[in-house]
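Asks: Next comes the sequence, and after it the predicted model I'd like to discuss.
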Amino acid sequence: MDKLLGTFTLDDLRARKSHKWTVYPADVLPAFVAEMDFMIAEPIAAAVRAALDIGDTGYPGDGELGEAFAVFAGERFGWKVRPDRVFAIPDVMTGIAEVLMAVTPHGSGVVINPPVYGPFFLRLGYLSRQVVQAPLRRASDGRYDLDFAAIDAALARPDVSAYLLCNPHNPLGRTWSRDQLLQIADLCQQHQVELLVDEIHAPLVLDGAEHVPFASLDHPLAERAYTFNSASKGWNIPGLKCGVTVAGSAAAAAVLAGRWEALLASHLGVLASVAAFTQAGDWLEAVRHQLAQNRALLAELLAKWLPQVGYLPGQASFLGWLDCRGLGLGDNPEDAFLERGRVALTGGTYFGTQGAGFARLNIGTSPELLTEAVRRMAAAVGR
């Protein structure tokens, strides 16, 4: 691996106290929750250390986050962002929840595209919003796509007030094209619903794929949408608690400004995010390169040891979506992998009923530990 990502052993990782490394016994290899194993980028560590050295651990200031994200978005995606429309949030899901409470009626419906990030279901339930599903369409070759007929029908429901889109999609690692996003914009405008776009995995779009920020579209709805992003996934700093919401209009910005107290980010997270967006580009490139290698390695390992498992390499992030139905392990194959292989994956049903028989594998680690994870999966089914 690139030296920027560090060198670590399994024993080194087990010294960590994060959720990933403490929820299971020591004999279990965790490959479930979406955090990577790489060492933190030095500019980020330096920014946090510098704050600690002078006791700078208070509430977050306005700082340089808006300008830092605007520069990053412009260089990475060609997206012109107004710094004064960038708002710090503690994390993407909290930002989404607060905006939904502000702009949708209690009890109304919110459209999502399962299989999709499990907290979409959970948070909508907490907010007393109805989950309205417009499932992705899965072709015979295993590829997923947006089902615009289903989306249109869901948005047409009189009780639906918003659409929550995931791009790049978790758990598939799929990016949606400009034409697809324009179709979504047309439908949301036609049905007069709010649009919120979770783009948290955008910094980790891999070579050969393109991320199109929704707010960069030449469409009236781009000015009404709320875009959510973060350095947390790209630079592996979710524990520092800072994300960003980009408001498309002055009215949207007023919604966020009015809920500032509920959206206080961590001050250290703000400082770390500024460092990530402005000083840690080389680390991001190193991790993107490593993930591309790991994506190819996973395909090779599965073909060798678990050819019954279906896998289409994603276009973004460090998540592998595995079709395990050919193994005969039922709706929850992760149970067998844990019990008989001592490797922990995320069960597909966490992402909706459409995930029955699937599992999500985190590949954000060293090639050696990725190999060990697949070896344990194979051992669980006697291969």
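Replies: Nice, I can see it.
Asks: show me where the stretch 101-250 of the chain has helices.
Replies: In the stretch 101-250 of the chain, the helices defined using DSSP state H, counting those that start in this stretch lie at 118-126, 148-155, 178-191, 250-258.
Asks: Which of those helices sits closest to residue 353?
Replies: Residue 353 sits nearest to helix 118-126 of all the helices of the stretch 101-250 of the chain, at 10.3 Å, using C-beta to C-beta. Where C-beta positions appear, they are placed from N, C-alpha and C, glycine not excepted.
Asks: Can you point out the buried residues in the closest one?
Replies: Under the neighbour-count criterion of 16 or more other C-beta atoms under 10 Å, helix 118-126 has 118-121, 123-124 buried.
Asks: Let me know the closest of those to residue 263.
Replies: Distances from residue 263 to these, taken by C-beta to C-beta, are shortest for residue 123, at 14.6 Å.
Asks: quick one, what contacts that closest one?
Replies: 93, 96-97 (C-beta atoms under 8 Å, 6 or more residues apart in numbering).
Asks: and what of residue 210?
Replies: Shown in contact with residue 210 (C-beta under 8 Å, 6+ apart): 175, 177.
Asks: ok, it to residue 313 distance?
Replies: 16 Å (C-beta to C-beta, to the nearest Å).
Asks: how about the strands of the stretch 201-350 of the chain, start to end?
Replies: Secondary structure of the stretch 201-350 of the chain (DSSP state E, counting those that start in this stretch): strands at 226-229, 243-247, 310-311, 319-323, 343-344, 346-347.
Asks: Kindly list the longest strand within this structure.
Replies: Identified as the longest strand of the chain according to DSSP state E is strand 160-166.
Asks: Partner strands of that strand and their direction?
Replies: If you go by DSSP bridges, strand 160-166 pairs up with strand 109-112 (parallel), strand 194-198 (parallel).
Asks: Serialize the buried residues of helix 118-126 to CSV and add fields for pLDDT and distance to residue 265.
Replies: Below are these laid out as CSV (pLDDT from 0 to 100; distance: C-beta to C-beta, whole Å):
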residue, pLDDT, distance to residue 265
118, 98, 23
119, 98, 18
120, 98, 21
121, 98, 25
123, 97, 18
124, 98, 23
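Asks: between those, which is nearest residue 348?
Replies: Checking those against residue 348 with C-beta to C-beta, the nearest one is residue 118 at 10.2 Å.
Asks: from memory residue 31 sits against residue 342, does it?
Replies: No - contact criterion C-beta atoms under 8 Å: residue 31 and residue 342 do not qualify, at 11.0 Å.
Asks: Between these two, point out the one with more neighbours.
Replies: Just comparing residue 31 and residue 342: by other C-beta atoms under 10 Å the higher neighbour count belongs to residue 31, 27 against 16.
Asks: which residues does residue 133 contact?
Replies: 111-114, 154, 352.
Asks: For ChimeraX, what selects the buried ones among the residues you listed?
Replies: A single ChimeraX command selects the buried members of those (16+ other C-beta under 10 Å):
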select :111,112,113,114,154,352
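Asks: Out of the contacts of residue 133, give me the two with the largest separation.
Replies: 154 and 352 (13.9 Å).
Asks: Between strand 319-323 and the lengthiest helix in the chain, find me the angle.
Replies: Secondary structure of the chain per DSSP state H: the longest helix is helix 281-305. Here the directions of helix 281-305 and strand 319-323 differ by 20 degrees (axes from the mean of the first three to the mean of the last three C-alpha atoms, to 10 degrees).
Asks: could you give me the average pLDDT of helix 281-305?
Replies: Helix 281-305 shows a mean pLDDT of 98.
Asks: now do stretch 267-278
Replies: 98.
Asks: what comes into contact with it?
Replies: Contacts to stretch 267-278, defined as C-beta under 8 Å, 6+ apart, come from residues 41, 43-44, 46-48, 51-52, 56-61, 63-65, 68-69, 71-72, 88, 90, 230-231, 234-235, 237, 240-242, 244, 284.
Asks: Please flag which of the contacts of residue 123 sit within helices.
Replies: Per DSSP H, the contacts of residue 123 map to helices at 93, 96-97.
Asks: Kindly indicate which of those lies nearest residue 147.
Replies: Among these, residue 96 lies closest to residue 147 (C-beta to C-beta), at 22.2 Å.
Asks: Relative to residue 166, how far out is that closest one?
Replies: Computed as C-beta to C-beta, the residue 96 to residue 166 distance reads 10 Å.
Asks: for residue 281, same thing?
Replies: Distance from residue 281 to residue 166, by C-beta to C-beta: 25 Å.
Asks: which one of those two has more residues nearby?
Replies: residue 166 (23 against 16).
Asks: So that one sits against residue 114, correct?
Replies: No - Residue 166 is not in contact with residue 114 according to C-beta under 8 Å; the separation is 9.9 Å.
Asks: how's the chain carved up into domains?
Replies: With domains defined by automatic domain parsing, the chain comprises 3-30+282-380, 45-279.
Asks: what's the first-to-last distance across the shortest one?
Replies: Spelled out, that is domain 3-30+282-380. 33 Å (C-alpha to C-alpha, to the nearest Å).
Asks: quick one: terminal-to-terminal distance for stretch 262-273?
Replies: First-to-last residue span, stretch 262-273, C-alpha to C-alpha: 19 Å.
Asks: and it, how far out from the chain's middle?
Replies: 18 Å (C-alpha atoms, centre = their mean, to the nearest Å).
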